[in-house]
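Chemist: Can you look at this prediction? I've put the sequence above it.
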Number of protein chains: 2
Amino acid sequence: MATISDVARAAGVSPATVSRVFNSGRVTPERAERVRRAAAELGFSPNRVARSLRIQRASVIGLLIPDIENPFFTALARGVEDAAQRTNHSLVLCNSDEDVRKESRYLEIALAEQMAGVIVAAASRRRTDLSALAARGMPVVAVDRRPRSAEVDTVLVDNQHGSAEAVAHLLDRGYRRIACVTGPAGASTSEDRLAGYRAELLDAGVAEEWIRAHTRHADFREEGGYAAMRELLALPVPPDAVFVANNLMTVGALRALREAGVEPPEFGILSFGDVPWASLVRPPLTTVHLPAYELGVAAAELLQERIAGSGEPLRTVVLRTALRPRSSTAGPDPDDWPAESPAARRDGQDDAPVTVRRGEDE
Amino acid sequence: MATISDVARAAGVSPATVSRVFNSGRVTPERAERVRRAAAELGFSPNRVARSLRIQRASVIGLLIPDIENPFFTALARGVEDAAQRTNHSLVLCNSDEDVRKESRYLEIALAEQMAGVIVAAASRRRTDLSALAARGMPVVAVDRRPRSAEVDTVLVDNQHGSAEAVAHLLDRGYRRIACVTGPAGASTSEDRLAGYRAELLDAGVAEEWIRAHTRHADFREEGGYAAMRELLALPVPPDAVFVANNLMTVGALRALREAGVEPPEFGILSFGDVPWASLVRPPLTTVHLPAYELGVAAAELLQERIAGSGEPLRTVVLRTALRPRSSTAGPDPDDWPAESPAARRDGQDDAPVTVRRGEDE
DNA sequence: CTGAAAGCGCTAACAG
DNA sequence: CTGTTAGCGCTTTCAG
């Protein structure tokens, strides 16, 4: 592996000059050209490790997510990556697996690797501790989940508003016994989504007690959603609709519904968070769309400003969600359902069949 | 940030001793204890950048995948991560986006960052060039896709056998005009899966010409599968079943089928590669299961052996696929379909409904 | 077993 | 504009 000195020798200049050529220092064009040629010939590319050690900062940013198999977080990661690429940062993706211990290990690595900064979707609101990083001057941005110590820039979606809107939609469609499956008690997303749900029901005159009895905390995973839905269905007063606080749990909930022979939209189901491959799901699911990619972009941009040395006060960016009504919440009464659900057709999932010639031969 | 010298001073020893404490060097227990205490007090953690520069190797392994939004690759990534963790390697995930230019950029970064090794699911069989890495002594393992230059250890699934088995299944169920949607011509996976399909059909006496007319190359993405399926349906002799070479394209193909008013299993559809959230898809899809996680684990283990200095000859590990028959290939003739598909029930997706009390109250 | 010293490859003063 | 020089934090000979 050629070093900067090899190139310097080959080009007949000093190492410093070579360095300058690769770092927009001032070098006469003629010399610069000579250096570039020599570098190309030797197949030289600067050693980033040495560079990082010298300037006390790597050109890598870390992204810490709690579940790499959740499409929401992979979309977010793409957003971060695309934005990072624009400033020549490369991305290190770490999967904390919703495990605070793994997470803190990765956080330490970020420090030890002298990463330029990190973006964190925290595993826990209470137990994720970002203060150590901030204390050592590492730029940090929290995304999706708001950690307790609010000493960092933050990018969120408007969970509470989005949830309230979703529940309002369910009420509007005629559901009256709306249950809720939310995430773990520790996470800000769980709490905010639950809060939106509660606020809307209380506003509609539903008893505090009823709400509490029809709320379940689960783990944001498929199995948790499945178990919670089964519990709800087994209640003495089972619900006629459910608001599920994330996409994976919705998959589980749907499975539970199917097993129980309960079919939407007679029973309403609404997912907070997009369900990938939505076009395959029958009936088409009403969802609250989350701008995952945009969340990633915004977080990366905030981080880059900090890396560049912005001294502005802390900022919190809140992105809006969008309700996407489809057939799974058409209403409890079959008489109300349109023959071809106009709600579903709106986003092209249910285009009218077209006929095709088939099988004239063979 | 405390350095090794700070700790040395605090503990009254030399920097070398501190280093030895953290690297299993021989130090008297008493001194070691003193060092550890001092380190803890100062919140010292070794600077990995300096370490990497000195020993000319980082403790990071790179994983290069072509599509981070494809569940197959995220499952693979988890396998790599779990295996890497066992040897204290951290994982850097890079998404080449099926783009050879991005990919080669990341490959250069791997070199410049002095990563311990890289695992590559190549974007292109022909144009992905791993020889530069291998030439500079960087351990490399190819996974899922076999790059042209076979100078590296490789972990694959048995694409050709899996495909042949899948097509045999379709023939067995009574389909006679089986089309194929495969991936880009450049990828080894496309070619191997296509080869398995062709071999099986030729063996069944189908004309070479017919096969060629009913084969489409697409891009391994949803839109590609959609377009290809539409083309196939518009043929003068449309197929009565389709073998789709990856999961994402299957989603697109299903959409095209639906739009055309064609419903499985009258029209058979089989996906090479698991479709996540399969439980939501109606009808349940017959798939060829791919051991994605295990692929990742195997690749990481191979890589770790190379990193540890194994001088063994190059190895290729081939993992088996498994056909998972479900209702989408029950056969072209409705008379053959079981009332409750036993094939589908086999993996629990179609458990019989159970009744549940509902709505006695409000 | 322990310490002194050199140096991994690069960048940033500083002089020229 | 260019070269010389020192040093980022760590590991690793080499003496002791």
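Modeler: All right, it came through fine. Residues are numbered from 1 along each chain as shown, chains lettered A, B, ... in the order given.

Chemist: all contacts plus neighbour counts: C-alpha atoms, from now on.
Modeler: Will do.

Chemist: Look at residue A:93 and give its secondary structure.
Modeler: What DSSP: H, G, I helix; E, B strand; the rest coil gives for residue A:93 is strand.

Chemist: Can you list phi and psi of the nearest residue to it once chain neighbours are set aside for me?
Modeler: For residue A:93, ignoring the flanking residues on the chain, the nearest one in space by Cα to Cα, 6 or more residues apart in numbering or on different chains is residue A:63 at 5.0 Å. Per-residue torsions, residue A:63: phi -130, psi 120 (degrees, to the nearest 10).

Chemist: Residue A:63: neighbouring residues, count only.
Modeler: Other residues within reach of residue A:63, judged by other Cα atoms under 10 Å in any protein chain shown, total 27.

Chemist: Distance of it relative to residue A:30?
Modeler: For residue A:63, the distance to residue A:30 under the criterion Cα to Cα, to the nearest Å works out to 41 Å.

Chemist: where's the residue positioned nearest the centre of chain A, which helix or strand?
Modeler: The geometric centre of chain A, computed from its C-alpha atoms, lies nearest to residue A:73 (Cα atoms, centre = their mean), at 3.8 Å. Using DSSP states H and E, the element containing residue A:73 is helix A:71-85.

Chemist: packing partners for that helix?
Modeler: The contact analysis (3 or more Cα pairs under 8 Å, 6 or more residues apart in numbering or on different chains; DSSP states H and E) places helix A:71-85 against strand A:60-65, strand A:90-95, helix A:292-307.

Chemist: Tell me what angle the last one forms with helix A:71-85.
Modeler: For helix A:292-307 against helix A:71-85, the angle by axes from the mean of the first three to the mean of the last three Cα atoms, to 10 degrees is 40 degrees.

Chemist: go on, the second one?
Modeler: The directions of strand A:90-95 and helix A:71-85 differ by 160 degrees, with the same axes, to 10 degrees as the criterion.

Chemist: Can you pull out the residues in contact with strand A:90-95?
Modeler: A:59-68, A:77, A:81, A:84, A:103, A:106, B:91-94 (Cα atoms under 8 Å, 6 or more residues apart in numbering or on different chains).

Chemist: Residues of chain A that sit close to DNA strand C?
Modeler: Neighbours of DNA strand C within chain A, by Cα under 7 Å from any atom of the strand: A:1, A:3-5, A:15-16, A:19-20, A:22-23, A:45-48, A:50-51, A:53-55.

Chemist: number of nearby residues for the residue of the stretch 101-250 of chain A found nearest DNA strand D?
Modeler: Nearest residue of the stretch 101-250 of chain A to DNA strand D, counting by Cα to the nearest atom of the strand: residue A:112, 8.3 Å away. Other residues within reach of residue A:112 by the criterion other Cα under 10 Å amount to 17.

Chemist: contacting residues for it?
Modeler: The contact partners of residue A:112, by Cα under 8 Å, 6+ apart, come to B:45-49.

Chemist: so which of those residues comes closest to residue A:305?
Modeler: Sorting those by how near they are to residue A:305, with Cα to Cα, puts residue B:49 at the top with 23.8 Å.

Chemist: Pretty sure the closest one sits against residue A:52.
Modeler: Yes. Residue B:49 sits in contact with residue A:52 when judged by Cα atoms under 8 Å, with a separation of 6.9 Å.

Chemist: more crowded one of these two?
Modeler: A count of neighbours by other Cα under 10 Å puts residue B:49 above the other of residue B:49 and residue A:52, at 26 against 21.

Chemist: quick one: is the helix or strand hosting that one near DNA strand D?
Modeler: Element membership for residue B:49 (DSSP H and E) is helix B:48-55. Yes. Judged by Cα under 7 Å from any atom of the strand, helix B:48-55 comes into contact with DNA strand D through B:48, B:50-51, B:53-55.

Chemist: I'm done for today, thanks for sticking with me.
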